[in-house]
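S.K.: pasting the structure only:
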C-alpha cells in the first residue's frame with residue numbers, strides 16, 4: 001500500500017486498484033460483520049446488514065445453488081456457512097466496485113486522503129474491538145470460571161473448544177494478564193504516535209489467537225482472521241521503515257503526519273473527544289458485559305442448591321437400587337450448575353443435561369431434559385447438613401433419593417494453588 005505522505009503524489013495504477021478494492025472490502029465488511037462490540041453501531045448496521053444478508057442469501061441460491069442459510073446469520077458462531085458466504089460476496093462486490101471505480105475515476109493520481117480516512121477508521125475499530133475483548137476476559141464472560149458441571153466433565157467427552165475454554169477459564173490471574181494486555185493494545189491503537197507499537201503487539205497476539213482458534217476448532221476463526229487482515233493493512237503503512245530498522249540495521253523514522261491539519265483549538269477538542277471515547281468504551285463494556293455475566297450466572301450469587309451431590313441411596317418404586325456400574329437408570333451424581341443448568345451422571349458414567357427450575361419457597365425441583373423434554377423429573381426436596389433428600393416422580397416411576405453434597409474445594413484442580421517452590425510433582429503421564 002502507498003505511504004501516507006503528502007509528498008507522494010503519484011501512485012502506480014496497481015496501487016490505486018489495490019486501494020480501491022481494500023477500501024470497499026474493509027468498510028463493507030465492518031458494516032456487515034457480526035462483530036457486535038462497537039457501542040450503538042448496530043443502529044447503523046441494521047440499515048445495511050439485513051438487506052445485505054438477504055441479498056447474499058438470494059445470490060447464494062441463484063448463483064451457487066446453496067440452500068437457504070440465512071437462519072445461521074444470528075448464530076453465535078461466526079464460522080457458519082452463511083458467514084463465509086457473506087465474506088465471499090463482500091470480496092465479489094469489492095472487486096466489482098473497484099472495477100467500476102476504476103472506469104469512473106480516471107483523473108485521480110492518488111487516494112491519500114481516502115487512505116487516511118480508512119486508516120483512522122481501522123485504528124478506532126480495532127482499538128474498540130481489543131478493549132471489548134479485554135473486558136470480556138476481565139469479567140470472565142469470554143472464559144468463565146469452571147462450574148460444577150465442567151469440573152466433572154471428562155476430557156474425552158469435551159469438544160476441543162470446551163477444553164480450551166476451560167483451560168483459559170481456570171486461571172483468573174491469567175485472564176487478568178491477557179485482558180490488561182489487550183487493554184494496552186486497544187488504547188495504543190487510538191493514538192497516531194503509538195498505533196505502530198500497538199499494532200505490532202496486536203499482530204503478535206493475533207498470531208497466538210489464530211493458532212488457538214484454528215487448532216482448538218473455536219467458532220470465531222473467520223472473525224479473528226479478518227481482524228488479522230485489518231491489522232496487516234495497518235502495518236502496510238509502516239512496512240518499509242520497519243524492514244529498515246529490524247532487518248537492515250538502518251536508521252528510519254515512522255511518519256505520523258496527517259492530511260487533515262486542525263488548528264490548536266480543534267486539536268484540543270479532538271483530543272478531549274478521543275479520551276472521552278476511550279473511557280466511554282471501557283465503562284460501557286464493563287457495564288454491558290457485567291449485566292450479561294450476571295444473567296448467565298458467571299458472576300454474582302450462585303443458584304439454589306449449586307454444587308455436586310453423590311447419590312447414597314436410590315429408591316425406585318420402593319425398590320432400593322444397588323450402585324451397579326451396569327445400571328443405566330440409577331443416578332450416581334446430581335450436579336446443579338449455572339442458573340437453569342443441571343446434569344445427572346448415571347451409574348454407567350452417562351451424563352445427561354437438564355434444565356432445572358428450583359422453587360425455594362415451595363421446596364420443589366423440576367428437571368427437564370435439554371435434548372428430550374419428555375425426560376422430566378418432579379421432586380420436592382429438603383437440604384440439611386449437606387444432605388439432600390428428594391422425592392417425586394419420573395414418568396411413571398416413584399423416586400426417593402438421598403444425596404450428600406461434595407466439597408468442591410477438595411478437588412485437586414480447585415485446591416491446588418500457586419507455589420514458588422515445587423519439590424515433587426505428580427507423574428503426568430497417565
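M.R.: Cool, got the structure. Given the structure is predicted, the values throughout are model-derived calculations rather than measurements.
S.K.: which element is residue 308 on?
M.R.: strand 307-316 (DSSP states H and E).
S.K.: May I see the buried residues of stretch 31-48?
M.R.: Neighbour-count burial for stretch 31-48 flags 32, 33, 34, 35, 37, 38, 45 (criterion: 16 or more other C-beta atoms under 10 Å). (Glycine included, C-beta is placed from N, CA and C.)
S.K.: Let me see the mean pLDDT of the helix or strand encompassing residue 243.
M.R.: Here residue 243 sits within helix 239-246, counting by DSSP H and E. The average pLDDT within helix 239-246 is 83.
S.K.: That helix: how far from the chain's middle?
M.R.: How far helix 239-246 lies from its chain's middle: 33 Å, per C-alpha atoms, centre = their mean, to the nearest Å.
S.K.: Poorly predicted segments of this structure, please.
M.R.: Scanning the chain for pLDDT under 70 picks out 1-8, 72-76, 252, 256-262, 424-430.
S.K.: which residues in it form strands?
M.R.: Using DSSP state E, the strands of the chain run over residues 307-316, 319-320, 331-336, 341-346, 351-359, 364-369, 376-384, 387-394, 397-406.
S.K.: Report the central residue of the chain.
M.R.: The centroid of the chain falls nearest to residue 142 when counting by C-alpha atoms, centre = their mean (5.5 Å).
S.K.: count of residues packed around the closest residue in space to that residue that isn't next to it in sequence?
M.R.: Distances taken as C-beta to C-beta, 6 or more residues apart in numbering place residue 136 nearest to residue 142, at 3.8 Å, with adjacent residues excluded. Per other C-beta atoms under 10 Å, the neighbour tally for residue 136 reads 20.
S.K.: Pop the domain breakdown of this structure in here.
M.R.: Using automatic domain parsing, the domains assigned to the chain come out as 13-296, 307-408.
S.K.: Quick one: closest of the ones you listed to residue 420.
M.R.: Proximity to residue 420 (C-beta to C-beta) singles out domain 13-296 among the domains of the chain, at 14.3 Å.
S.K.: For the closest one, measure first residue to last.
M.R.: 53 Å (C-alpha to C-alpha, to the nearest Å).
S.K.: ok, which stretches of the chain are helices?
M.R.: 13-32, 42-45, 49-63, 81-104, 112-138, 148-152, 160-170, 172-189, 195-215, 221-236, 239-246, 264-296, 412-415 (DSSP state H).
S.K.: Looking at the ones you listed, which one is packed in the most?
M.R.: helix 112-138 (a mean of 21; mean count of other C-beta atoms under 10 Å).
S.K.: So which elements touch it?
M.R.: helix 13-32, helix 172-189, helix 195-215, helix 221-236, helix 264-296 (3 or more C-beta pairs under 8 Å, 6 or more residues apart in numbering; DSSP states H and E).
S.K.: quick one: the last one to strand 341-346, angle?
M.R.: Interaxial angle of helix 264-296 relative to strand 341-346 (axes from the mean of the first three to the mean of the last three C-alpha atoms, to 10 degrees): 40 degrees.
S.K.: Now find how far off-centre helix 264-296 is within its chain.
M.R.: Using C-alpha atoms, centre = their mean, the offset of helix 264-296 from its chain centre is 20 Å.
S.K.: Does anything pack onto it? Which helices or strands?
M.R.: Against helix 264-296 (3+ C-beta pairs under 8 Å, 6+ apart) you get helix 112-138.
S.K.: Pick out the most distant pair among the buried residues of stretch 31-48.
M.R.: Longest span within the buried residues of stretch 31-48, C-beta to C-beta: 32 and 37, 14.6 Å.
S.K.: circling back to that earlier point, what would the helices of the chain look like in a markdown table with distance to residue 254?
M.R.: A markdown table is the format used below for the helices of the chain (distance: least, C-beta to C-beta, whole Å):
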| stretch | distance to residue 254 |
| --- | --- |
| helix 13-32 | 20 |
| helix 42-45 | 32 |
| helix 49-63 | 36 |
| helix 81-104 | 28 |
| helix 112-138 | 13 |
| helix 148-152 | 46 |
| helix 160-170 | 34 |
| helix 172-189 | 13 |
| helix 195-215 | 5 |
| helix 221-236 | 11 |
| helix 239-246 | 5 |
| helix 264-296 | 20 |
| helix 412-415 | 46 |
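S.K.: I'd like the helices and strands packed on helix 112-138 as JSON lines, with distance to residue 382 appended.
M.R.: JSON lines is the format used below for these (distance: least, C-beta to C-beta, whole Å):
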{"stretch": "helix 13-32", "distance to residue 382": "55"}
{"stretch": "helix 172-189", "distance to residue 382": "35"}
{"stretch": "helix 195-215", "distance to residue 382": "46"}
{"stretch": "helix 221-236", "distance to residue 382": "48"}
{"stretch": "helix 264-296", "distance to residue 382": "29"}
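S.K.: so which of those comes closest to residue 306?
M.R.: helix 264-296 (13.7 Å).
S.K.: Including distance to residue 417, could the domains of the chain go into a markdown table?
M.R.: Below are these laid out as a markdown table (distance: least, C-beta to C-beta, whole Å):
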| stretch | distance to residue 417 |
| --- | --- |
| domain 13-296 | 10 |
| domain 307-408 | 14 |
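S.K.: Nearest to residue 421 among those domains would be which one?
M.R.: Short answer: domain 13-296, nearest of the domains of the chain by C-beta to C-beta, at 18.3 Å.
S.K.: Can you check which of the helices of the chain gets nearest to residue 377?
M.R.: It is, among the helices of the chain and with distance given as C-beta to C-beta, helix 148-152, at 17.0 Å.
S.K.: The closest one - contacts with which helices or strands?
M.R.: Checking 3+ C-beta pairs under 8 Å, 6+ apart, helix 148-152 ends up next to helix 160-170, strand 307-316, strand 331-336, strand 341-346.
S.K.: Between these, which one is closest to residue 416.
M.R.: Per C-beta to C-beta, nearest to residue 416 of the helices and strands packed on helix 148-152: helix 160-170, 10.4 Å.
S.K.: now that closest one against helix 172-189, angle please.
M.R.: Going by the same axes, to 10 degrees, helix 160-170 makes 90 degrees with helix 172-189.
S.K.: for helix 160-170, packing partners?
M.R.: helix 148-152, helix 172-189.
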